[in-house]
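In: compute the structure for the input listed below.
(2 chains)
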Amino acid sequence: MNWFERVRATVRIDVKGNAKERYLNMCRARHFPVWDVTSDKKNDVITMCMNREDFLESKSAIRKTGVKVSVKEKNGLPFLLKKINKRRVFVAGAVLGMLFLFMMMRSIWAFQFEGTKRITDEQIVDYLESCGVTIGTPIRELNYEELEQGLREQFPEITWASVSQRGTTLIIRIREREYTEISQRYDDRTDIVADVDGVIVSMVVKEGVPYVQKGDVISEGDILVGGAVPIYDENSEISGYHYYHAQADILVETSQRYTDTLSLSYEKKVYTGKEALIVSLGAFDARVVLGNGLSSPNVESQSKSYQLRLFRYLQLPFFAQITRQNAYEWQLSYYTKEEAQALLLSGLEKYLRELSEKGVQIIAKDVKIIKNGMSMEITADITMRKLVGVSCPTTVEFVQDGENND
Amino acid sequence: MKDKENERRDDRRFDRLTERLSLPKDFVYGECLISMLGNAELTIENYRNICLFEENCIVIALKHDRLLVQGSRLEILYYREDELKIRGRISGLQFLGERGKS
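Out: Predicted coordinates:
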């Protein structure tokens, strides 16, 4: 069946009676095309398809042959239009809906951020707003390259930015510069200086002259490895220096004191039991708020926002926000001895965990918890092994005798 | 007797003329043309009408004969003035002869 036949009004009919074949032959004799003819022996019926006009014209043949004909199916555009005409409100709604959707798809209705770490989404939104890109901005007005360049200029932390659009969502992908403590770097002529007091446990010098050795007690500020390597002449006298960026792994056993104080009295949040639910419905810039908020001065609010969307990126400008409010009061409370101890110990545990993450080995710890009036104090003497040493410019300078005489 | 002989002579002359002119025989004699695609489709041209149509057998009247198509799930894809096409699982074709003569 080609498209023209699909568009034409056709009927599928059941023919019953003794002269079914005669009716078929009469249709052919009258040049009425017939197709998809099947026979159902059980019901003694022939089913066939023909054009609606031909069927109407074949009524004389029906009369002559005495067959009983019933229309089983009506196909084609004219019948479809008739059906549509009966449901015109529904069809009009569907068409209007499609039209509305099409209009909505021409604007940006949501932002999506990827790769933000230190820069907050709000900061980027503020910048976009300053560029005239807000919720509802027509997509055709967006200049992606300009926005990307502007983001890089506005936020120096951004090393790479990409602005793209999918559906009605503006996707902003950025890559921030990795945070590195900008320390002064000396590429050459540096010594390694101790930054803590302790005893050297092991020492592996990669470059430079060691000033200390395993087992030595060092203090903060001592030069551990020198970057100036002396050159001796035939008289075993220093004739000059080779300067290096001193490098060494120096493991030092050192002790450190950890202290923390906790006040035994604190203000506790006690919920009064007063609750409120606020539903806010919005479309474009308009908003309707259903429900009243609590009038108490101390109110805890939890909000959840929803945006209507058809697919992942096809966001529409219809919003709903559900806010739950709980009223509370501050009440003066006191920690028990056990609670305070547990809190202080958990603080110490956290500190030790952080040290371990930095590669520090904890050898021993001596913990003391003392109650001091309305507060409790924890003191921990921690013995640890850690890599020490910071780079500092070398102070050794080669001075020739002749120069001294001058 | 003479008329019959004359008729046969005319027929022979007509046959020879047809062969010399290379005219299609189905057109000249009004014979049916049957073509099959495996045992699934059957196309018939130059037929008269349908005598019987059932799921398992179809009888088609030709100019000088009747054709019985046997099979299962037989259906007529189209039924036009000059051509009809049958689809189904065709198991046999049989010429039954003219009605009243066989």
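In: what does chain B have sitting close to chain A?
Out: Neighbours of chain A within chain B, by C-beta under 8 Å from any C-beta of the partner chain: B:49-56, B:74-81. Just so you know, the C-beta spots here come from the backbone N, C-alpha and C atoms, and that holds for glycine as well.
In: residue 94: neighbour count?
Out: Just going to use chain A. Residue A:94 sits with 11 neighbouring residues when counted by other C-beta atoms under 10 Å in any protein chain shown.
In: let's do chain B instead
Out: Residues near residue B:94, counting by other C-beta under 10 Å: 12.
In: equivalent analysis for the one 3 residues further on, please.
Out: If you count neighbours by other C-beta under 10 Å, residue B:97 ends up with 11.
In: contacts only, for it.
Out: B:65, B:66 (C-beta atoms under 8 Å, 6 or more residues apart in numbering or on different chains).
In: and what of residue A:50?
Out: Counting by C-beta under 8 Å, 6+ apart, residue A:50 has contacts A:10, A:11, A:13, A:27, A:32, A:33, A:34, A:35, A:58.
In: follow-up on the earlier one: drop anything exposed from the residues of chain B next to chain A.
Out: Neighbour-count burial (16 or more other C-beta atoms under 10 Å in any protein chain shown) applied to the residues of chain B next to chain A gives B:49, B:50, B:51, B:53, B:55, B:74, B:75, B:76, B:78, B:79.
In: where does chain A have its least confident helix or strand?
Out: Ranked by mean pLDDT, DSSP states H and E, the helix or strand of chain A with the weakest confidence is helix A:401-405, at a mean of 47.
In: name the spans of chain A whose pLDDT lies under the cut-off.
Out: Applying pLDDT under 70 to chain A flags the ranges A:1-6, A:179-188, A:398-406.
In: out of everything not next to it in sequence, what's closest to the residue of it positioned farthest from its centre?
Out: Distance from the C-alpha centroid of chain A, by C-alpha atoms, centre = their mean, peaks at residue A:64 (77.5 Å). What sits nearest to residue A:64 in space, not counting adjacent residues and going by C-beta to C-beta, 6 or more residues apart in numbering or on different chains, is residue A:26, at 7.2 Å.
In: could you look up the SS state of the one you found?
Out: Secondary structure state of residue A:26, per DSSP: H, G, I helix; E, B strand; the rest coil, is helix.
In: am I right that it is in contact with residue A:66?
Out: No - using C-beta atoms under 8 Å, residue A:26 is not in contact with residue A:66; the gap is 11.8 Å.
In: give me the more crowded residue out of those two.
Out: Comparing residue A:26 with residue A:66 by other C-beta under 10 Å, the one with more neighbours is residue A:26, at 19 against 11.
In: for that one, give me its contacts.
Out: Residue A:26 makes contact with A:58, A:61, A:64, A:65, according to C-beta under 8 Å, 6+ apart.
In: part of a helix, is the third one?
Out: Yes - counting by three-state DSSP, residue A:64 is part of a helix.
In: so which bits of chain A are right by chain B?
Out: Listed as neighbours of chain B in chain A under the rule C-beta under 8 Å from any C-beta: A:20-21, A:24-25, A:27-28, A:31, A:33-41, A:46, A:48.
In: among those, name the ones in helices.
Out: A:20, A:21, A:24, A:25, A:27, A:28 (DSSP state H).
In: how about residue A:231, what does it touch?
Out: Each residue near residue A:231 by C-beta under 8 Å, 6+ apart is listed here: A:238, A:239, A:240, A:241, A:242.
In: quick check: beta-bridge partners of it?
Out: Listed by DSSP bridges, the beta-bridge partners for residue A:231 are residue A:240.
In: who's in contact with stretch B:78-87?
Out: Residues external to stretch B:78-87 that are found in contact with it (C-beta under 8 Å, 6+ apart): A:24, A:27-28, A:31, A:33-35, A:37, A:48, B:40-47, B:50, B:58, B:60, B:69, B:74-77.
In: any chance you could map the helices in chain B?
Out: In chain B, the segments counted as helices under DSSP H are B:2-21, B:25-29.
In: which stretch in the ones you listed has the least confidence?
Out: Mean pLDDT is lowest for helix B:25-29 out of the helices of chain B, coming in at a mean of 69.
In: closest to the centroid, which residue in the chain?
Out: In the absence of a named chain, chain A is used. Residue closest to the average C-alpha location in chain A (C-alpha atoms, centre = their mean): residue A:114, at 5.6 Å.
In: hmm, no, I was thinking of chain B.
Out: By C-alpha atoms, centre = their mean, the most central residue of chain B is residue B:32, 3.5 Å off.
In: returning to what we had before: which of the contacts of residue A:231 has the most neighbours?
Out: residue A:241 (18 neighbours).
In: what's the nearest residue to that residue once chain neighbours are set aside in contact with, if anything?
Out: In this structure, residue A:241 finds its nearest non-sequential neighbour in residue A:228, 4.2 Å apart by C-beta to C-beta, 6+ apart. Neighbour list for residue A:228: A:189, A:191, A:209, A:241, A:242, A:243, A:244, A:394, A:396, A:398 [criterion: C-beta under 8 Å, 6+ apart].
In: among those residues, which ones are in strands?
Out: The strands, defined by DSSP state E, take in A:191, A:209, A:241, A:242, A:243 from the contacts of residue A:228.
In: what's the local residue count around the residue nearest to residue A:300 when sequence neighbours are not counted?
Out: Excluding the flanking residues, the one nearest residue A:300 by C-beta to C-beta, 6+ apart is residue A:326, at 4.8 Å. Residue A:326 has 18 neighbours, counted by other C-beta under 10 Å.
In: over to residue A:326. Which of the three states is it?
Out: What three-state DSSP gives for residue A:326 is strand.
In: so it is in contact with residue A:274, correct?
Out: Yes - counting by C-beta under 8 Å, residue A:326 touches residue A:274, with 7.3 Å between them.
In: tell me the spacing between the closest residue to residue A:337 other than its chain neighbours and chain B.
Out: Nearest residue to residue A:337, sequence neighbours excluded (C-beta to C-beta, 6+ apart): residue A:371, at 7.3 Å. According to C-beta to the nearest C-beta, to the nearest Å, residue A:371 and chain B sit 97 Å apart.
In: I'd like to know which elements the helix or strand containing residue A:371 is packed against.
Out: In this assignment (DSSP states H and E), residue A:371 forms part of strand A:361-372. On a contact count with 3 or more C-beta pairs under 8 Å, 6 or more residues apart in numbering or on different chains; DSSP states H and E, strand A:361-372 meets helix A:337-357, strand A:375-388.
In: go through these and pick out the most buried.
Out: Counting by mean count of other C-beta atoms under 10 Å in any protein chain shown, strand A:375-388 has the highest mean neighbour count of those, with a mean of 17.
In: could you dump the ones in helices among the residues of chain A next to chain B to JSON lines with neighbour count and distance to residue A:337?
Out: Shown next, in JSON lines, are these (neighbours: other C-beta atoms under 10 Å in any protein chain shown; distance: C-beta to C-beta, whole Å):
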{"residue": "A:20", "neighbour count": "25", "distance to residue A:337": "103"}
{"residue": "A:21", "neighbour count": "21", "distance to residue A:337": "106"}
{"residue": "A:24", "neighbour count": "24", "distance to residue A:337": "104"}
{"residue": "A:25", "neighbour count": "19", "distance to residue A:337": "109"}
{"residue": "A:27", "neighbour count": "21", "distance to residue A:337": "104"}
{"residue": "A:28", "neighbour count": "20", "distance to residue A:337": "107"}
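In: residue A:232 is in contact with residue A:240, isn't it?
Out: No - Residue A:232 is beyond contact range of residue A:240, at 9.3 Å (criterion: C-beta under 8 Å).
In: name the nearest residue to the residue nearest to the centre of chain A, ignoring sequence neighbours.
Out: Leaving aside its sequence neighbours, residue A:114 sits nearest to residue A:173 (C-beta to C-beta, 6+ apart; 4.4 Å).
In: so how far is chain B from the one you found?
Out: 58 Å.
In: and that residue, that's in a helix?
Out: No - looking at residue A:173 with three-state DSSP, it is strand, so not inside a helix.
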